[in-house]
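>>> when you get a sec, could you give me coordinates for this:
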Amino acid sequence: MPRSGNIKILIVDDHPLFRKGLSSLIESAPGFTVLGEAANSAEALRLAEKEKPRLVIMEIHLGEENGMDLISELKSLNPDIVILILSMHDERYYSERILRLGARGYVMKTAPHETVLEAIKMVISGKVYLSENERERIFQAMTGENAGGLKDFTASLRKLSDREFQVFSMIGKGFGTIEIAAKFNLSTKTIDTHKEHIKLKLHCNTSQELRQLAIEWTNHSVTNV
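Numbering: from 1, shown residues only. Take a look at the predicted model:
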């Protein structure tokens, strides 16, 4: 039962042990109550509709599900809901996209407990939370160069639409065209068209080159937690 006056929080992550640890951390801080935990999008939407949390803390990859779609679904359910991403994936590749979708912040799971609590307080207060390094990277990206004067691969990824980015991510996880089409309820022809657009934007000459690039990027983007 939520304590009176506390901010109600929903945790969405497909790892039960991590959910429990995060829940304990949040409950140890005054002013917050974890009203529920969800392992997938369906559970998250059901709990969000029933319990009406003020804040959702969520991973962007929930098993084979793409949490980026869940951001939009949660905002459609309640435009005032606050969403904070807490992910094992490198923020450089996702932070700008999740902000455009309506999330208010991004924290990597390698961050210390104090940083997670700080991020929660900031997004609840209406501010945006990103790490200092990520804020600096975005500033550098606005100039088209990174600190070394070299174009960052993230600049190329920013050219992809959200759907193209999702397809690219699934290619990196080893999914084929038929599996990706089924996942997004699209035709294989549409997925092939997305792949062609991705190849052009990332300067890949062949499908094999695209697949290899996607796999390398996927392995690189996951942090060790």
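
>>> please compute how far stretch 105-112 lies from its chain's middle.
Put simply, stretch 105-112 sits 11 Å off its chain's centre (C-alpha atoms, centre = their mean, to the nearest Å).

>>> span of it from start to end?
Terminal residues of stretch 105-112 lie 16 Å apart, using C-alpha to C-alpha, to the nearest Å.

>>> what is the mean pLDDT for that stretch?
Stretch 105-112 shows a mean pLDDT of 94.

>>> swap in stretch 136-149?
Here the average pLDDT along stretch 136-149 is 57.

>>> who's in contact with residue 91?
Residues near residue 91 by C-beta atoms under 8 Å, 6 or more residues apart in numbering: 106-108, 130-131, 134. The way it works is simple: take the backbone N, C-alpha and C, and place the C-beta from them, glycine included.

>>> most neighbours among those, please name it.
residue 106 (26 neighbours; other C-beta atoms under 10 Å).

>>> show me what contacts residue 20?
Here residue 20 is in contact with residue 37 (criterion: C-beta under 8 Å, 6+ apart).

>>> same question for residue 218.
Neighbours of residue 218 in contact, by C-beta under 8 Å, 6+ apart: 169, 172-173.

>>> ranges for the strands of this protein?
Using DSSP state E, the strands of the chain run over residues 7-12, 32-38, 55-58, 61-62, 65-66, 82-87, 105-108.

>>> quick revisit: and the contacts of residue 91, which is closest to residue 188?
residue 106 (32.6 Å; C-beta to C-beta).

>>> residue 16 versus that closest one, what's the distance?
23 Å (C-beta to C-beta, to the nearest Å).

>>> filter the contacts of residue 218 to the buried ones?
Neighbour-count burial (16 or more other C-beta atoms under 10 Å) is assigned, among those, to 169, 172.

>>> turn the contacts of residue 218 into TSV, including distance to residue 182 and pLDDT.
Formatted as TSV, the contacts of residue 218 follow (distance: C-beta to C-beta, whole Å; pLDDT from 0 to 100):
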residue	distance to residue 182	pLDDT
169	16	88
172	17	87
173	14	85
